[in-house]
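Enquirer: What shape does this take:
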Amino acid sequence: MTVRVRFAPSPTGMFHVGGARSALQNWIYAKQQGGVFVLRIEDTDAARNKPEWTEGILSALDWIGISRGSYEGPYFQSENAGEHRAAATRLYESGRAYYCDCTREDVQARTGSQYQGYDGYHRDRGLGPGPGHALRFRTPDEGVTVVVDLIRGEPTFENKLIEDFVIARGDGSPVFLLANVVDDMTMGITHVIRAEEHLPNTPKQQLLWDALGVKPPVWAHVPVVVNEKRQKLSKRRDKVALEAYRDEGYLAGAMRNYLMLLGWAPSGDREIVPWLVIEDEFRLDEVNPSPAFFDEKKLRAFNGEYIRALPVAEFVEACQPWLTGTGTIAPPPWQPDEFDADAFAAVAPLAQTRIAVLSEIVPNVDFLFLASPMIDEAAWTKTMKDGSGELLDAAVTAFEALESWDAESLKSTLEAVGAERGLKLGKTQAPVRVAVTGRTVGLPLFESLEVLGRERTLTRIRAARLRLP
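Expert: The predicted structure follows:
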């Protein structure tokens with residue numbers, strides 16, 4: 001039997017990091033088993049679906065390494081509507097489903113307002129199809145439904161506690177439960193690897209598989225992803241869009257590595273490991289069923305490690321979208337003709353050790369490409385104390401006399417300026433840094449001044465001096 005797994009997102013918003021985790025797990029499992037990864041877009045919610053969300057899914061999968069052309073699909077659930085309706089008809093004609101026109105108010109009137117499920121009122125009343133008649137599955141009254149799950153063992157559900165659930169709406173359109181099952185049958189899906197939140201639906205879907213005469217797939221429900229308060233990650237409350245992390249400057253390799261650690265760990269005392277190791281060592285039955293904490297601080301630290309591990313040339317290339325802007329990344333504050341590729345290449349190794357996400361490259365290097373620095377007023381107030389004017393005057397005089405404009409000469413010269421005033425280098429260089437870069441923190445100062453050049457450095461220090469008494 002060829003293993004066939006599927007990833008079935010809905011195009012109703014940005015691509016959720018939890019969905020990306022599930023996609024990667026399906027992808028790896030298919031590769032390990034010599035199987036097939038199927039992409040199915042569940043697009044039957046016409047009111048919320050948008051073509052741009054579908055494209056967003058495809059581009060996000062591309063970014064994390066599930067590239068177009070390497071999987072089967074994408075299929076679209078809406079294209080299988082005929083099969084969904086045919087299955088609903090089969091279930092009705094075989095007596096496994098019946099029509100019902102009860103409203104929620106009807107049920108509450110019969111059973112009391114505290115009753116939370118359907119009471120089976122129309123089970124044997126012979127109501128036929130018609131406008132407003134929903135089709136309900138006839139759940140067995142006795143026995144249990146056992147879900148064999150690679151991660152959770154064998155969760156068992158008493159059939160009498162499963163209400164007769166709706167499988168087709170009053171307009172005849174099948175609901176998610178039935179459409180999902182029929183699509184998996186049609187596509188020959190053998191293993192369903194998905195988030196824990198779908199586990200309550202699984203006994204219902206397994207009953208549908210049985211009623212349609214097909215052996216259910218192997219189930220694997222991976223742990224829910226939660227925030228620091230142990231709440232399920234929410235689009236309304238948490239930062240969950242994979243595209244947002246991509247556009248902030250997280251590397252695909254770091255994101256893939258981190259996502260795979262949500263509920264699983266490689267061998268040894270390691271977390272940052274090559275992707276090929278993850279592909280080789282990942283095992284579904286080793287996934288921890290407990291909720292997995294999505295720690296953005298830890299992800300950020302991961303990303304910093306991945307950035308520092310890049311060859312410098314690859315780092316320079318990776319920074320380009322933030323140095324120029326793209327359709328989803330804002331352009332930098334300088335004009336295109338102000339950018340100096342050689343100057344950036346000179347400071348890139350310095351910046352590479354100091355940033356955790358690629359978008360941080362802009363505030364680290366903008367002083368090189370702007371006509372004048374963007375002054376952080378809080379930094380200015382904090383740094384430009386009494387005596388700063390005289391210190392800047394002395395720095396200009398000393399720098400003007402330099403024969404060689406290099407980092408070592410600049411450092412020793414400014415050290416001497418400070419020593420004459422009883423100041424250590426840290427106190428001496430702070431006003432110069434703010435005058436030249438606009439900030440109190442950034443790249444190593446003297447290497448930055450070397451790249452910026454004598455004329456621009458002196459012009460900025462003089463301009464800052466004019467702002468002081």
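
Enquirer: okay, which residue of the protein is out on the far edge from center?
Expert: residue 420 (53.6 Å; C-alpha atoms, centre = their mean).

Enquirer: now that residue, nearest residue through space, not along the chain?
Expert: Nearest in space to residue 420, with sequence neighbours left out and distances taken as C-beta to C-beta, 6 or more residues apart in numbering, is residue 394 at 7.5 Å. From N, CA and C alone the C-beta is placed, and that goes for glycine too.

Enquirer: Does anything pack onto the helix or strand harbouring the one you found? Which helices or strands?
Expert: For residue 394, the host element (DSSP states H and E) is helix 388-400. Taking 3 or more C-beta pairs under 8 Å, 6 or more residues apart in numbering; DSSP states H and E as contact, the helices and strands that helix 388-400 lies on are helix 407-419, helix 425-437, helix 454-466.

Enquirer: Check which residues of it are buried.
Expert: Applying a neighbour-count criterion of 16 or more other C-beta atoms under 10 Å, one finds 388, 389, 391, 392, 394, 395, 396, 398, 399 buried in helix 388-400.

Enquirer: now swap in stretch 362-382 and tell me
Expert: Residues of stretch 362-382 classed as buried by neighbour count (16+ other C-beta under 10 Å): 362-369, 373, 375-376, 379-380.

Enquirer: With stretch 269-278 instead?
Expert: The neighbour-count check on stretch 269-278 (16+ other C-beta under 10 Å) flags 273, 278 as buried.

Enquirer: Start and end of it, how far apart?
Expert: Terminal residues of stretch 269-278 lie 14 Å apart, using C-alpha to C-alpha, to the nearest Å.

Enquirer: care to break the chain down by domain?
Expert: Split into domains by automatic domain parsing, the chain comes to 4-75+177-223, 85-168, 377-466.

Enquirer: Deepest-packed of these, please.
Expert: Counting by mean count of other C-beta atoms under 10 Å, domain 4-75+177-223 has the highest mean neighbour count of the domains of the chain, with a mean of 19.

Enquirer: residues near residue 79, how many?
Expert: 12 (other C-beta atoms under 10 Å).

Enquirer: show me where the stretch 1-150 of the chain has helices.
Expert: 17-32, 51-63, 81-93, 104-111 (DSSP state H, counting those that start in this stretch).

Enquirer: Equivalent analysis for the stretch 301-450 of the chain, please.
Expert: For the stretch 301-450 of the chain, the helices defined by DSSP H, counting those that start in this stretch cover 312-324, 341-352, 361-369, 377-383, 388-400, 407-419, 425-437, 445-452.

Enquirer: the bottom helix or strand of this protein by mean pLDDT?
Expert: For the chain, counting by mean pLDDT, DSSP states H and E, helix 104-111 ranks last in confidence among helices and strands (a mean of 84).

Enquirer: Measure how far that one is from the centre of its chain, please.
Expert: 43 Å (C-alpha atoms, centre = their mean, to the nearest Å).

Enquirer: For the closest residue to residue 199 other than its chain neighbours, give its distance to residue 194.
Expert: Leaving aside its chain neighbours, residue 199 sits nearest to residue 221 (4.7 Å; criterion: C-beta to C-beta, 6+ apart). Going from residue 221 to residue 194 by C-beta to C-beta, to the nearest Å gives 6 Å.

Enquirer: try residue 358
Expert: The value you get for residue 358 to residue 194, if C-beta to C-beta is used, is 32 Å.

Enquirer: quick one: contacts for residue 10?
Expert: Applying C-beta atoms under 8 Å, 6 or more residues apart in numbering to residue 10 gives the contacts 41, 42, 43, 45, 48, 49.

Enquirer: before we move on, the earlier item: what touches both of residue 221 and residue 194?
Expert: Joint contacts of residue 221 and residue 194 (C-beta under 8 Å, 6+ apart) do not exist.

Enquirer: quick one: pLDDT of residue 50?
Expert: Listed pLDDT for residue 50 reads 82.

Enquirer: Thought residue 11 was touching it, still the case?
Expert: Yes: counting by C-beta atoms under 8 Å, residue 50 does reach residue 11; the two are 6.4 Å apart.
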